[in-house]
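Provide a 3D model corresponding to the input given below.
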Amino acid sequence: MSADTRDPGRRPPPRLGLAWYALALMAYVVAGYFYKPVLMNWTLGPLFLLAALYVVPTVGRAAWSRLRTGQSS
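Coordinates of the predicted model:
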């Protein structure tokens, strides 16, 4: 008897690759170069990384899955 009770049809969410972290860092540095007072403070710096590394991919995956399931119906 197997202890694995996961649904075989569901895959775990994909992990962010190193390229995504590098892209977020480059976007932060470029935006910080042009908008120093806005991004380079202790509040918005971590919020930018949270948005770039968690919120954007989560919303993108949700929109992509909704778009895929909407097309198949």
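
Following the chain past the helix or strand of the chain with the lowest mean pLDDT, name the next helix or strand.
Ranked by mean pLDDT, DSSP states H and E, the helix or strand of the chain with the weakest confidence is helix 36-39, at a mean of 71. Downstream of helix 36-39, the first helix or strand assigned by DSSP states H and E is helix 44-50.

With just CA atoms, put that following helix into PDB.
This file holds the C-alpha atoms of helix 44-50, laid out as PDB (Å, rounded to 0.1, in the frame of the first residue of the first chain):
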ATOM      1  CA  LEU A  44       9.300  49.500  -1.600                       C
ATOM      2  CA  GLY A  45      12.500  47.500  -2.300                       C
ATOM      3  CA  PRO A  46      11.300  44.300  -0.700                       C
ATOM      4  CA  LEU A  47       7.700  44.900  -2.000                       C
ATOM      5  CA  PHE A  48       9.100  45.100  -5.500                       C
ATOM      6  CA  LEU A  49      10.800  41.800  -5.100                       C
ATOM      7  CA  LEU A  50       7.700  40.300  -3.500                       C
END
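
So which other helices or strands are in contact with it?
Under the contact criterion of 3 or more C-beta pairs under 8 Å, 6 or more residues apart in numbering; DSSP states H and E, the helices and strands touching helix 44-50 comprise helix 18-34, helix 36-39. Every residue, glycine included, has its C-beta placed from N, CA and C.

Which one, of the ones you listed, ends up nearest to residue 62?
Shortest separation from residue 62 across the helices and strands packed on helix 44-50 is recorded for helix 18-34, at 16.8 Å, computed as C-beta to C-beta.

where in the chain is pLDDT low?
1-16, 38-40, 71-73 (pLDDT under 70).

What is the burial count for residue 56?
Here the neighbour count serves as a burial measure; for residue 56 (other C-beta atoms under 10 Å) it reads 13.

which ones are touching it?
Counting by C-beta atoms under 8 Å, 6 or more residues apart in numbering, residue 56 touches no other residue.

Relative to residue 50, how far out is it?
Taking C-beta to C-beta, to the nearest Å as the criterion, residue 56 is separated from residue 50 by 10 Å.

Cool, thanks, talk later.
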